[in-house]
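Enquirer: Let's see this in three dimensions:
(one chain, ligands or ions: 1)
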Amino acid sequence: MLGLMQDWPLLCHRIIDHAALNHGERQIISRSVEGPIHATDYATLRGRALRVAQRLERDGIREGDRVATLAWNTWRHLEAWYGIMGAGGVYHTVNPRLFADQIVWIVNHAEDRMMMIDLTFVPMVEKFADRLRPIEKYIVLTDNAHMPATALANAVPYEEWIAEVDGDYAWKVFDENTAAGMCYTSGTTGNPKGVLYSHRSNVLHSMMAAQPDAMGVSSRDVIMPVVPMFHANCWGLALTSPMVGATMVMPGAKLDGASIYELLDAYRVTFTAAVPTVWLMLLSHLEGNNLKLPHLRKVVIGGSAYPRAMTQKFQDDYDVQVCHAWGMTEMSPLGTLCSLKPEYAHLTGDARLDIQMKQGHTPFGVEMKITDDEGREMPRDGATFGRLKVRGPAVARAYFKESEDVLDAEGYFDTGDVGTIDRHGYLNITDRSKDVIKSGGEWISSIELENIAISHPKVAEAAVIGVRHPKWGERPLLVVVRKEGQELSRDDLLGFMAGKVAKWWMPDDVVFVPEIPHTATGKIQKTALRVQFKDYVLPGAAAAE
Ligand code: AMP
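Expert: Predicted coordinates:
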């Protein structure tokens, strides 16, 4: 017997309808790519999103067609998302930090019919536009006055393009499982993989994200998503913010410490989220200029592991609560967030920080487990490592144009991460499964070693990789970038680390390098390091041969 409740498909454009009707005057403030600060509100933004949808339809965009966006976080990009989805199209965020060949591959693979592009990226795309075969038209996210002379095919300024219609348009209505958005994940090997979000998954993910123990945001918040809309679905914030009716502050193209501080302060931002690199720049700007953050309540940090000192500084020096988060593009992207359950809420000092450095627990809608290599579930004892697997309504089941599902027999997706789960359900990521160091059949966490090395005051960046060892199979090698102008020796660093981890976890050697390679999303590129050090002979390894 079926229930007798209404059939109300979970469609993303209903979020902007809700925001416009119930929070219509709430502002969206952006640093425009042209320079000045721009302010609008949800009611106006919805009106313009309707024009985007109507105009796209006039250009022949139909249900399921992909429209690429190569753009910073601004009101125009936000309107574009809702307009594309409301016309039945699929927003495809392209990461401008990728190499030209990767962008070309991704756009061709996605078969994007149009590209909405910020002024910043026009010169870059002109260089390879002849290889972007499916793009019929470029919509430059600016007005006529700022429109550059460009060789891009059929390029039009966005403002004039949407002014050609009146906005008298009704959103398309379709099945909630219809595709809404797309984001490629670069992957460490092989070609990038397309993750295809549905309206349903995006709406459910936004509800999950808003919960008090997840992001915990409301209409009283001023939310600044520093995480770009082109990185992992903007961590849900482009949908969650209007869903709860929060004010939004969009940082545009300027993500340096001074620019971010300026917005945090001027618009009294209460909630923000980004990867650790952004916060390193902000903290250094605050320290250098003796500034405070009186309005900021909470900062979400995720995307990669980061030093404990970052949490300490935000909390102790600036009275800003830190929420560590873990997720991935395939999870829309939230997996876990580290709010404190009653079991941990009473902790103080180092014991509290120990918990806060964990990646946190799952909201309703994410199920996770850890298994051994044979797929046997491992205990939630906070000590046993396992491969981390997840399932839920906002987790990918397959990649775009790949017919095979990527799930195990019970419907779980293997995240490629390795971690522990404690008895209260807190995840601690110890590695990527490809990065974990297997020494004598036991696993050593490269992340834990990196976290200790990075807490040395003279270390700017640290990466640990497994290097071949004749007796143990693999042993850890620590690769370090010293802070500018600092002297630091191998023995000093190893001396500093000794006693902080089990003896057999200690790196066998340290090499100092001028820089460590990074991926387009700012993560350390361990594959490149492994190639660089593939023939490295560890001290004592030759003797064991
Ligand atoms: P992406 O899909 O680009 O967002 O990358 C997802 C991957 O980033 C995850 O599978 C993890 O390996 C890593 N990651 C994300 N958040 C964290 C975190 N808080 N701590 C450690 N690694 C993380």
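
Enquirer: and residue 202, that's in a helix?
Expert: Yes: the assignment for residue 202 by DSSP: H, G, I helix; E, B strand; the rest coil puts it in a helix.

Enquirer: Could you measure from it over to the ligand?
Expert: Note on residue 202: its distance to the ligand, by CB to the nearest ligand atom, to the nearest Å, is 16 Å. Every residue, glycine included, has its C-beta placed from N, CA and C.

Enquirer: Now for that residue, how many residues are close by?
Expert: Close neighbours of residue 202, defined as other CB atoms under 10 Å, add up to 26.

Enquirer: list the contacts for it?
Expert: The contact partners of residue 202, taken as CB atoms under 8 Å, 6 or more residues apart in numbering, are 12, 180-181, 233, 236, 239, 332, 394.

Enquirer: Are any of those buried, and if so which?
Expert: Among these, those classed as buried by 16 or more other CB atoms under 10 Å are 12, 180-181, 233, 236, 239, 332, 394.

Enquirer: Filter these down to just the ones in strands.
Expert: The members of the buried ones among the contacts of residue 202 that map onto strands under DSSP state E are 180-181.

Enquirer: C-terminal to whichever helix in the chain runs longest, what's the next element?
Expert: In the chain, assigned by DSSP state H, the helix with the most residues is helix 42-58. Later in the chain than helix 42-58, the nearest helix or strand by DSSP states H and E is strand 66-70.

Enquirer: How far does that next one sit from its chain's centre?
Expert: 18 Å (CA atoms, centre = their mean, to the nearest Å).

Enquirer: list the helices and strands the longest helix of the chain packs on?
Expert: Helix 42-58 is packed against helix 13-22, helix 75-86, helix 158-163, with contacts defined by 3 or more CB pairs under 8 Å, 6 or more residues apart in numbering; DSSP states H and E.

Enquirer: Buried residues of the last one, list them for me.
Expert: Of the residues in helix 158-163, those scored as buried under the neighbour-count criterion (16+ other CB under 10 Å) are 158-159, 161-162.

Enquirer: Among the contacts of residue 202, which one lies nearest to residue 28?
Expert: residue 239 (13.5 Å; CB to CB).

Enquirer: Please name the spatially closest residue to the closest one (chain neighbours excluded).
Expert: residue 206 (4.2 Å; CB to CB, 6 or more residues apart in numbering).

Enquirer: in this structure, which ranges drop under the pLDDT threshold?
Expert: Scanning the chain for pLDDT under 70 picks out 187-189, 543-545.

Enquirer: for the ligand, what are the nearby residues on it?
Expert: Contact residues (CB under 6 Å from any ligand atom) of the chain with the ligand: 185, 232, 302-305, 324-329, 333, 359, 415-417, 429, 432, 521.

Enquirer: Show me the strands in the stretch 401-545 of the chain, by range?
Expert: 413-421, 427-432, 437-439, 442-444, 459-469, 473-482, 509-512 (DSSP state E, counting those that start in this stretch).

Enquirer: and residue 279, which of those is closest to it?
Expert: For residue 279, the closest of the strands of the stretch 401-545 of the chain is strand 459-469, at 14.7 Å, according to CB to CB.

Enquirer: Report the buried residues of the closest one.
Expert: The neighbour-count check on strand 459-469 (16+ other CB under 10 Å) flags 459, 461-467, 469 as buried.

Enquirer: Would you format those residues as JSON lines with distance to residue 517 included?
Expert: Output for the buried residues of strand 459-469, formatted as JSON lines (distance: CB to CB, whole Å):
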{"residue": "459", "distance to residue 517": "17"}
{"residue": "461", "distance to residue 517": "11"}
{"residue": "462", "distance to residue 517": "14"}
{"residue": "463", "distance to residue 517": "9"}
{"residue": "464", "distance to residue 517": "15"}
{"residue": "465", "distance to residue 517": "12"}
{"residue": "466", "distance to residue 517": "17"}
{"residue": "467", "distance to residue 517": "17"}
{"residue": "469", "distance to residue 517": "23"}
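
Enquirer: Out of the residues you listed, which comes closest to residue 228?
Expert: After measuring those against residue 228 - CB to CB - the closest member comes out as residue 461, at 21.6 Å.

Enquirer: how about the closest residue to residue 521 other than its chain neighbours, what does it touch?
Expert: Excluding the flanking residues, the one nearest residue 521 by CB to CB, 6+ apart is residue 231, at 6.0 Å. By CB under 8 Å, 6+ apart, residue 231 lies in contact with 93, 95, 275, 303, 521.

Enquirer: which residues of the stretch 251-400 of the chain fall in strands?
Expert: Under DSSP E, counting those that start in this stretch, the stretch 251-400 of the chain gives strands at 271-274, 298-302, 321-327, 334-337, 367-371, 386-391.

Enquirer: TSV for these, including mean neighbour count?
Expert: Shown next, in TSV, are the strands of the stretch 251-400 of the chain (neighbours: other CB atoms under 10 Å):
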stretch	mean neighbour count
strand 271-274	26
strand 298-302	24
strand 321-327	23
strand 334-337	28
strand 367-371	18
strand 386-391	23
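
Enquirer: Count residues in the vicinity of residue 78, would you?
Expert: Going by other CB under 10 Å, the residues that sit close to residue 78 add up to 28.

Enquirer: Need the contact partners of the longest helix of the chain.
Expert: For helix 42-58, the surrounding residues in contact (CB under 8 Å, 6+ apart) are 13, 16-17, 19-20, 23-26, 28, 40, 67, 75, 78-80, 82-84, 86-87, 89, 114, 161-169, 171-172, 242, 245.

Enquirer: In terms of residue numbering, what are the domains of this structure?
Expert: Domain ranges of the chain: 16-345, 367-432, 437-544, per automatic domain parsing.

Enquirer: what's the most buried one of these?
Expert: Scoring these by mean neighbour count under mean count of other CB atoms under 10 Å gives domain 16-345 as the most buried, with a mean of 20.

Enquirer: ends of that domain, how far apart?
Expert: Domain 16-345 stretches 35 Å from its first residue to its last (CA to CA, to the nearest Å).
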